[in-house]
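Undergrad: give me the fold of what follows.
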Amino acid sequence: MTNETTRTYDVIVIGAGPVGENVAERARAAGLSTVIIERELIGGECSFWACDPSKALLRPVVARADASRVPGLDPAVAGPLDVDAVLAHRDKMSSYWKDEDQVDWLNSAGVDLIRGHGRLTGPKKVAVQTAEGDTINLTARHAVAVSTGTRAALPPIPGYDTVRPWTSREATTATKAPGRLAIVGGGVVAVEMATAWQALGSQVTMLVLENGLLERMEPFAGDLVTEGLREAGVDIRFNTTATFMTREDGEVRITLSDGSELAADEILLATGRAPQTRDVGLQSVGLTPGDWLTVDDTFQVTGVDGGWLYAVGDVNRRALMTHQGKYQARIAGAVIGARANNEPVDTAPWGAHVATADHSAVPQVVFTTPEVASVGLTSREIEHSGRRIKVVDYDLAQIAGAHQYGEDYRGHARMLIDTDQGTVAGITFAGPGVGELVHSATIAVSGEVPLNRLWHAVPAFPTLGEIWLRLLETHRG
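TA: All right, here's what the predicted structure looks like:
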């Protein structure tokens, strides 16, 4: 026998990943009663199947690569990684796929939790089906926020549904290294997992439809990552994709676009993301199940009357990264609180209640060897920006900090300068250790720091940060 109950809250949040958690916490901090709904683990994709486990796999790989460039250390790190120790560290960083700590945090924030599958059933209404078969009908006084994130988008390759392919989830949680791993894709997930599993003992083959890796970033970034992967032993095949696959006797057999065949023990399909909106009841409010949710800069969903529905994080497709989703969540929670309490809403650019950074200052780090870090525009986006941009390049290997970092340092930096405003519109670094440069770049871009003032921000010598001085000197001529 199942039970049905009814509850009312000020705010309902569907999805308890880091984005949903932050929306709920900010709404609760505004004095609003808040409930969050989750059908899997509290903490979501980032904590258990993406950011935390993937970076735990990659950190030993990157650290060893850095150490191998340092005289006196290189012989000590010449041997293979301790795979069992790396995987054990990955398990620890993923909290052994248990979410008690996350639940404790929600309790400390005063946010109620319902475990189950939440679906919209009408304006400000959500029904939750629990694992026990019970139904909990919820009504929101002020807002419902959908923060259900994304899932792997699987390509329509004949046979893929019969081979039990890896997605990013399997790639970050596997309990052993496959002897041969094929990866379809050339984006961030593809290059990071190629980096990790090649170092952990797999023979990795990448099948990349495009003519380069990391096609959405500056071309030199993809070129340097390609060099690093090939030096590590990865077989990268550009302008190539799978046209058919089957699994026989435990082996994945892949027919390629050039007619040749490839055998692998596992295949990872790293071909993008799709929104988790197929089964959240969008049709009950006039939206199409499976679609991305389009929002304004305060995260209200467009096309829904009443201004009560919000979509925050990856599900709105603005910037598919955890840190950016949490930024959105802080803003959305503040917006919901302000509107509920009849307080002014500041929607001016860079105001307290709008996500201006989503448009012009999104930072990203790719944890490969070498690393890639970027924020703001790329040179490929200049023609669509409507801004007059000057491109400034500099070889990172020419600065003293790079020589201290390691021998045979290879890297590159590109700064895009808005010549009308006299500010930095975007910057990309590629090279060992550049991930630590990204926040200074983010401050320069989001703060619209004038170049004549940035000139007075003196980098410490000898560090990689000296690249700022060299880029500005190159600009000044």
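Undergrad: not counting sequence-adjacent ones, nearest residue to residue 403?
TA: Counting by C-beta to C-beta, 6 or more residues apart in numbering, residue 409 is the residue found nearest to residue 403 once chain neighbours are left out, at 6.6 Å. Any C-beta I mention is one placed from the backbone N, CA and C, and that applies to glycine too.
Undergrad: tell me the predicted confidence for the one you found.
TA: Per-residue confidence (pLDDT) for residue 409: 96.
Undergrad: isn't it up against residue 431?
TA: Yes - using C-beta atoms under 8 Å, residue 409 makes contact with residue 431 at a distance of 6.7 Å.
Undergrad: how about the CA coordinates for the lengthiest helix in the chain, as PDB?
TA: In the chain, ranked by residue count with DSSP state H as the criterion, the top helix is helix 322-340. What follows is helix 322-340, C-alpha atoms only, in PDB (Å, rounded to 0.1, in the frame of the first residue of the first chain):
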ATOM      1  CA  THR A 322      30.400  23.200 -11.800                       C
ATOM      2  CA  HIS A 323      32.000  26.400 -10.600                       C
ATOM      3  CA  GLN A 324      29.900  28.500 -13.000                       C
ATOM      4  CA  GLY A 325      26.800  26.600 -12.000                       C
ATOM      5  CA  LYS A 326      27.500  27.400  -8.300                       C
ATOM      6  CA  TYR A 327      27.900  31.000  -9.300                       C
ATOM      7  CA  GLN A 328      24.500  30.900 -11.000                       C
ATOM      8  CA  ALA A 329      23.100  29.300  -7.900                       C
ATOM      9  CA  ARG A 330      24.300  32.000  -5.600                       C
ATOM     10  CA  ILE A 331      22.700  34.600  -7.800                       C
ATOM     11  CA  ALA A 332      19.400  32.700  -8.400                       C
ATOM     12  CA  GLY A 333      19.000  32.100  -4.600                       C
ATOM     13  CA  ALA A 334      19.500  35.800  -4.000                       C
ATOM     14  CA  VAL A 335      17.000  36.700  -6.700                       C
ATOM     15  CA  ILE A 336      14.400  34.300  -5.300                       C
ATOM     16  CA  GLY A 337      14.900  35.700  -1.800                       C
ATOM     17  CA  ALA A 338      14.700  39.300  -3.000                       C
ATOM     18  CA  ARG A 339      11.500  38.800  -5.000                       C
ATOM     19  CA  ALA A 340       9.900  36.800  -2.200                       C
END
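Undergrad: and that helix, how far out from the chain middle?
TA: Relative to its parent chain, helix 322-340 has a centroid offset of 18 Å by C-alpha atoms, centre = their mean, to the nearest Å.
Undergrad: do stretch 64-73 as well
TA: Chain-centre distance of stretch 64-73: 29 Å, with C-alpha atoms, centre = their mean.
Undergrad: about what we covered before: shared neighbours of residue 409 and residue 431, anything?
TA: 396-397, 402 (C-beta atoms under 8 Å, 6 or more residues apart in numbering).
Undergrad: now, the residues you listed that are in helices?
TA: residue 402.
Undergrad: of the shared contacts of residue 409 and residue 431, keep whichever come out buried.
TA: 396, 402 (16 or more other C-beta atoms under 10 Å).
Undergrad: for the shared contacts of residue 409 and residue 431, give me TSV that also has distance to residue 376 and pLDDT.
TA: Below are these laid out as TSV (distance: C-beta to C-beta, whole Å; pLDDT from 0 to 100):
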residue	distance to residue 376	pLDDT
396	18	98
397	23	97
402	23	96
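Undergrad: residue 158: which of the shared contacts of residue 409 and residue 431 is nearest?
TA: When those are compared for distance to residue 158 (C-beta to C-beta), residue 396 wins out at 44.0 Å.
Undergrad: quick one: average pLDDT of stretch 111-128?
TA: Averaging pLDDT along stretch 111-128 gives 98.
Undergrad: and it, end to end?
TA: Start and end residues of stretch 111-128 are separated by 16 Å (C-alpha to C-alpha, to the nearest Å).
Undergrad: list the buried residues in that stretch.
TA: So, applying 16+ other C-beta under 10 Å, buried residues of stretch 111-128: 111-112, 114-120, 123-128.
Undergrad: now do stretch 66-76
TA: 66, 68-69.
Undergrad: so which helix or strand takes in residue 10?
TA: Assigned by DSSP states H and E, residue 10 belongs to strand 4-14.
Undergrad: residue 470 versus the residue most central in space within the chain, what's the distance?
TA: For the chain, residue 321 is the residue whose C-alpha lies nearest the centre (C-alpha atoms, centre = their mean; 3.1 Å). Residue 321 sits 28 Å away from residue 470, going by C-beta to C-beta, to the nearest Å.
Undergrad: same thing with residue 454?
TA: From residue 454 to residue 470 the distance is 13 Å (C-beta to C-beta).
Undergrad: and the helix or strand of the chain with the lowest mean pLDDT, how far from the chain's centre?
TA: Here the helix or strand of the chain ranked lowest by mean pLDDT, DSSP states H and E is helix 382-385, holding a mean of 85. On the basis of C-alpha atoms, centre = their mean, helix 382-385 sits 24 Å off its chain's mean C-alpha point.
Undergrad: what do you get for stretch 112-121?
TA: The answer for stretch 112-121 is 25 Å, by C-alpha atoms, centre = their mean.
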